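>>> What shape does this take:
(2 chains)
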Amino acid sequence: GNSVTQMEGPVTLSEEAFLTINCTYTATGYPSLFWYVQYPGEGLQLLLKATKADDKGSNKGFEATYRKETTSFHLEKGSVQVSDSAVYFCALVDQGAQKLVFGQGTRLTINP
Amino acid sequence: ETGVTQSPTHLIKTRGQQVTLRCSSQSGHNTVSWYQQALGQGPQFIFQYYREEENGRGNFPPRFSGLQFPNYSSELNVNALELDDSALYLCASSFVAAYYNEQFFGPGTRLTVL
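The predicted structure follows:
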């Protein structure tokens, strides 16, 4: 079935560092891809999305490009801030069952 | 526009008991999905409700059941609680006609089973 694999965490960076969180997927057809963020004690918030190959989703300085040839959707940010500390989830939409399939999450900590 | 709300925020139960969690969908949405997020894991799909009918189910036993009401709010019921049911339960609402099925999540209910 469909699945999402994220890089192992936790990830700890200094403020203003460059961030990459890897995400690869296995899916039949052409799923839509998402990055969600979960701040401590809160639910999930949609960070960005891409609905077809070569689409680039972007929001709050974060970017991710839908790469069909490598089945990847890596999250990047050029200069992270302490406020970016959270858990990040890569996900895809299983169109057949209308459900989101999530990766295991990557905990990001940014130190000042 | 009101977002997705869930109640209660926290709940403590003992093994074997039954629990009901509640979710109010975002205005204009007609579909509710429930997810279980164990500690340190990604959310796992439990089931989805559309027009008061179950519209897809994940790999969860029948003791996990749900309801959707005419106002599109929803309940998740879990019978015969087990220790492994301890988790954050997330509700998400969406408008099913949307192509990419964007789902909007509530803050969750933290269930602890002792």
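
>>> need the longest strand for chain A.
Using DSSP state E, we find that the single longest strand of chain A is strand A:86-94.

>>> Partner strands of that one, with direction?
strand A:33-38 (antiparallel), strand A:99-102 (antiparallel), strand A:106-111 (antiparallel) (DSSP bridges).

>>> low-scoring pLDDT stretches of chain B, where are they?
B:1, B:97-101 (pLDDT under 70).

>>> same thing but 80
B:1-2, B:96-102 (pLDDT under 80).

>>> Same list (the strands paired with strand A:86-94) but as a markdown table, adding mean neighbour count.
The C-beta positions use only the backbone N, C-alpha and C, and glycine is treated the same way. As requested, the strands paired with strand A:86-94 are exported to a markdown table (neighbours: other CB atoms under 10 Å in any protein chain shown):
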| stretch | mean neighbour count |
| --- | --- |
| strand A:33-38 | 25 |
| strand A:99-102 | 25 |
| strand A:106-111 | 16 |
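
>>> sorry, back to before: I'd like to check what contacts the longest strand of chain A. Which residues are they?
A:1-2, A:4, A:6, A:21, A:23, A:25, A:27, A:31-40, A:44, A:47, A:73, A:75, A:99-103, A:105-108, B:42-43, B:100-101 (CB atoms under 8 Å, 6 or more residues apart in numbering or on different chains).

>>> if you set the cut-off to 6 Å instead, what comes out?
A:2, A:4, A:6, A:21, A:23, A:25, A:27, A:31-39, A:100-103, A:105-107, B:42, B:101 (CB atoms under 6 Å, 6 or more residues apart in numbering or on different chains).

>>> Run through the residues of chain A sitting next to chain B.
A:32, A:42-44, A:51, A:89, A:93, A:97-99, A:102-105 (CB under 6 Å from any CB of the partner chain).

>>> now the strands paired with strand A:86-94 as CSV including mean pLDDT?
Output for the strands paired with strand A:86-94, formatted as CSV (pLDDT from 0 to 100):
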stretch, mean pLDDT
strand A:33-38, 95
strand A:99-102, 91
strand A:106-111, 96
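
>>> wait, which of the ones you listed is closest to A:S85?
Among the strands paired with strand A:86-94, the nearest to A:S85 by CB to CB is strand A:106-111 (5.0 Å).

>>> Tell me the bridge partners for the residue of chain A at minimum distance from chain B.
Relative to chain B, the nearest point of chain A is A:F102 (3.5 Å; CB to the nearest CB). As for beta bridges, A:F102 partners with A:A91 under DSSP bridges.

>>> Contact partners for it?
A:F102 sits next to A:F89, A:A91, B:G42, B:P43 when contact means CB under 6 Å, 6+ apart.
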